[in-house]
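Participant: prediction below, plus the sequence it came from.
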Amino acid sequence: MPNRLLALLILFFVSIKTYAIEFPIEIIEYFDDIKVVAFINESDIDKSLDWPSTDAALPLSISGALKAVRVYMSTDPTMEQGRLASIELKQIPHHENYWHYVVRMKTRENGRSKSHYFIVLMNGKVIPALKEPESFK
């Protein structure tokens with residue numbers, strides 16, 4: 001009986017590790033009066049670089065963040081010619097010393113301007129963000 005119990009316990013703990021799911025953190029930012037939402041894995045935040053002191057240089061410069069976004073956009077022909085519309089530096093909610101950029105790029109599609117939003121972590125990881133639709137009243 002003890003051997004069966006031990007085997008079940010080992011199987012239980014192995015299955016927990018095997019089926020562990022990492023639920024992303026929802027980040028909501030207000031950017032140019034627009035609500036932008038992105039989902040970031042905790043492990044991505046852990047891999048990012050921290051910025052513990054505002055006296056120190058940023059781990060990723062604005063030009064570095066823009067370069068990362070341009071590389072990301074180059075994989076989609078409809079976004080290749082995107083241009084920077086705005087960029088902001090914001091702290092990741094509930095993660096002291098961790099910051100990210102919120103970037104808005106503009107492209108032209110069928111003669112119309114289209115905005116694309118991105119979160120850029122301090123290690124250069126680019127995460128696409130979504131513009132939250134306006135609610136109906």
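Facilitator: Cool, the structure landed.

Participant: ok, residue 59 - how many residues close by?
Facilitator: Using other CB atoms under 10 Å, the number of residues around residue 59 comes to 15. Every residue, glycine included, has its C-beta placed from N, CA and C.

Participant: give me the number of residues near residue 28?
Facilitator: For residue 28, using other CB under 10 Å, the count is 11.

Participant: contacts only, for it.
Facilitator: 35-37, 132 (CB atoms under 8 Å, 6 or more residues apart in numbering).

Participant: what strand or helix carries it?
Facilitator: strand 25-31 (DSSP states H and E).

Participant: give the rounded mean pLDDT of that strand.
Facilitator: Across strand 25-31, the average pLDDT comes to 86.

Participant: same deal with stretch 63-82?
Facilitator: 91.

Participant: how about stretch 117-133?
Facilitator: 94.

Participant: can I get it in PDB? Just the C-alpha atoms.
Facilitator: Presented in PDB, the C-alpha positions along stretch 117-133 are these (Å, rounded to 0.1, in the frame of the first residue of the first chain):
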ATOM      1  CA  TYR A 117       0.400  49.100 -31.300                       C
ATOM      2  CA  PHE A 118       3.300  47.300 -29.700                       C
ATOM      3  CA  ILE A 119       4.700  46.700 -26.300                       C
ATOM      4  CA  VAL A 120       8.500  46.500 -26.200                       C
ATOM      5  CA  LEU A 121      10.200  45.000 -23.200                       C
ATOM      6  CA  MET A 122      13.600  46.200 -22.100                       C
ATOM      7  CA  ASN A 123      15.300  43.100 -23.600                       C
ATOM      8  CA  GLY A 124      13.900  44.000 -27.000                       C
ATOM      9  CA  LYS A 125      11.000  41.500 -27.100                       C
ATOM     10  CA  VAL A 126       8.100  42.900 -29.100                       C
ATOM     11  CA  ILE A 127       4.600  42.000 -28.200                       C
ATOM     12  CA  PRO A 128       1.700  43.200 -30.400                       C
ATOM     13  CA  ALA A 129      -1.000  45.000 -28.600                       C
ATOM     14  CA  LEU A 130      -4.700  45.500 -29.500                       C
ATOM     15  CA  LYS A 131      -6.700  48.600 -29.600                       C
ATOM     16  CA  GLU A 132      -9.700  48.000 -27.300                       C
ATOM     17  CA  PRO A 133     -12.900  48.700 -29.200                       C
END
